[in-house]
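Asks: need a structure here:
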Amino acid sequence: MNEKQLPEVDLAAIRFDERGLIPAIVQDADSGEVLTLAYMNQQSLQLTITHGQIFFWSRSRQELWHKGATSGNYQDVVELRLDCDGDALLVRVQPRGPACHTGARSCFFRIMK
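Replies: Numbers count the residues shown, from 1 in each chain. Have a look, this model is predicted:
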């Protein structure tokens, strides 16, 4: 694991929802491409800050999820941003492979017509 400590985050400024979650939009820090949307709870956010790689809370499995632990497609965090209302995160990353479980670079590869 990277063990890259990110700057301190004011957790009191974050408005987690009634389930204790906040949506996290993941963006490639170089290209600006949106890679995925997932959810974080306070524990996964703290692990992300501590280790410098993304950790999510899986709503379907009800467990922590270290992105890349199985696939090797880690996402190294460059910057965390909180939106104006404090209820959504933007996580800018350096991806080490595809973001999507399908193997696509981004989870947003399907164009709706």
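Asks: where does residue 10 land on pLDDT?
Replies: pLDDT, residue 10: 75.
Asks: Also the one 10 residues further on?
Replies: With respect to pLDDT, residue 20 scores 95.
Asks: Now do residue 45 against residue 86, distance only.
Replies: Distance check for residue 45 against residue 86: by C-beta to C-beta, to the nearest Å, it reads 13 Å. Quick note: C-beta positions are derived from backbone N, CA and C, even for glycine.
Asks: Quick one: the helices in this structure, in order.
Replies: Along the chain, the stretches classed as helices by DSSP state H are 42-51.
Asks: Tell me where it has strands.
Replies: Under the criterion DSSP state E, the chain contains strands at 22-28, 34-40, 55-58, 63-66, 75-82, 89-95.
Asks: which residues of the protein score low on pLDDT?
Replies: 1-9 (pLDDT under 70).
Asks: go again using 50 as the cut-off
Replies: Applying pLDDT under 50 to the chain flags no residue at all.
Asks: Contacts for stretch 24-41 next, please.
Replies: Defining contact as C-beta atoms under 8 Å, 6 or more residues apart in numbering, one finds that stretch 24-41 is touched by 16, 20-23, 48, 54-57, 59, 65, 67, 75, 78-79, 88-95, 99-100, 105-108.
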